[in-house]
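Engineer: quick one, structure for this:
(2 chains)
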Amino acid sequence: DAGVTQSPTHLIKTRGQHVTLRCSPISGHKSVSWYQQVLGQGPQFIFQYYEKEERGRGNFPDRFSARQFPNYSSELNVNALLLGDSALYLCASSLASGDNQPQHFGDGTRLSIL
Amino acid sequence: QKEVEQNSGPLSVPEGAIASLNCTYSDRGSQSFFWYRQYSGKSPELIMFIYSNGDKEDGRFTAQLNKASQYVSLLIRDSQPSDSATYLCAVHNQAGTALIFGKGTTLSVSS
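Structural biologist: Residues are numbered from 1 along each chain as shown, chains lettered A, B, ... in the order given. Model (predicted):
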C-alpha cells in the first residue's frame, strides 16, 4: 500500500512569492497534519485537519494556511515567503484525530527561499 | 510552553550493545508518546508508540513510560550500524491534535 505522498519533493522560490504544497494520506486515513522542520530541530506543528475541518493550529503566522479536500488530500499554502521559511515541510496522516492516533510521515517537500 | 527534552548526543555505542535514549516532557496531561527514527536527509519514521505506564517491546526495541516522572525512554538491543540515525521523541498535546517533538538524539553505532 502506498504511504503518504507529497509533492513536489523540492522547490526553490524567492522572497515574496507564494507556494502550494500537496499531500495525499495513506488510504483510509482521514486526518492530515503539517509540520515544518528546520535543520537540527524536531518538526514543528503547523496544522491538523480531520474530515475537512481544522482541528489544530500551531504558532505560525497567518501567511500559512491549509485545507483538506473531500478525498482527504490536503494543501499547505504559504504567502509572502521569507528566507526563514526555508525548511523541510512534512505531511503526516493518521486514521483520525485525537489521542492514540499514530501519525505517519511522507518524504517531505524541501523548500528553499532565495 | 509545552516542551519535550532530549539529550542531543551524539550517543555512541559499539555494535551489539544496548542503546538507551531518554526523553522528558512537561505536560502532565499528555497521554500518547511516540518514537521516530530519522536518517540524515530523510523524513521521520515511526518505530514505537506507547500509551500506558510500563514497558512495550517490539523486536529489538523497547519503549518505557513513567507518567508520574514524565519520562519516556527507548532501548535498542543488539545495536547495529544501520541503527545510526537521529531518534525523535514526540508527545501528543492534550487535544491529541499536535505532536510536540524534542530536538532528537543522534545515535552512532560503530562496527
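
Engineer: okay, buried residues for stretch A:33-49 please.
Structural biologist: For stretch A:33-49, burial by neighbour count (16 or more other C-beta atoms under 10 Å in any protein chain shown) applies to A:33-37, A:42-49. No exception for glycine: its C-beta is placed from N, CA and C like everyone else's.

Engineer: and the strand or helix carrying residue B:106, which strands flank it?
Structural biologist: Assigned by DSSP states H and E, residue B:106 belongs to strand B:105-110. Strand B:105-110 pairs in its sheet with strand B:11-14 (parallel), strand B:85-92 (antiparallel), by DSSP bridges.

Engineer: extract the CA atoms of the shortest one and return them as PDB.
Structural biologist: Provided in PDB are the C-alpha atoms of strand B:11-14 (Å, rounded to 0.1, in the frame of the first residue of the first chain):
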ATOM      1  CA  LEU B  11      25.300   8.800  21.700                       C
ATOM      2  CA  SER B  12      28.000   6.400  20.600                       C
ATOM      3  CA  VAL B  13      27.700   2.600  21.200                       C
ATOM      4  CA  PRO B  14      29.600  -0.400  19.800                       C
END
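
Engineer: for that strand, give the mean pLDDT please.
Structural biologist: On average, the pLDDT along strand B:11-14 is 97.

Engineer: which residues in the chain form strands?
Structural biologist: Going with chain A. For chain A, the strands defined by DSSP state E cover A:5-7, A:10-13, A:19-24, A:31-37, A:44-50, A:53-57, A:64-68, A:74-78, A:87-94, A:104-105, A:109-113.

Engineer: sorry, I should have been clearer: chain B.
Structural biologist: Using DSSP E, the strands found in chain B span residues B:4-6, B:11-14, B:19-25, B:33-38, B:45-50, B:54-58, B:61-66, B:71-76, B:85-92, B:99-101, B:105-110.
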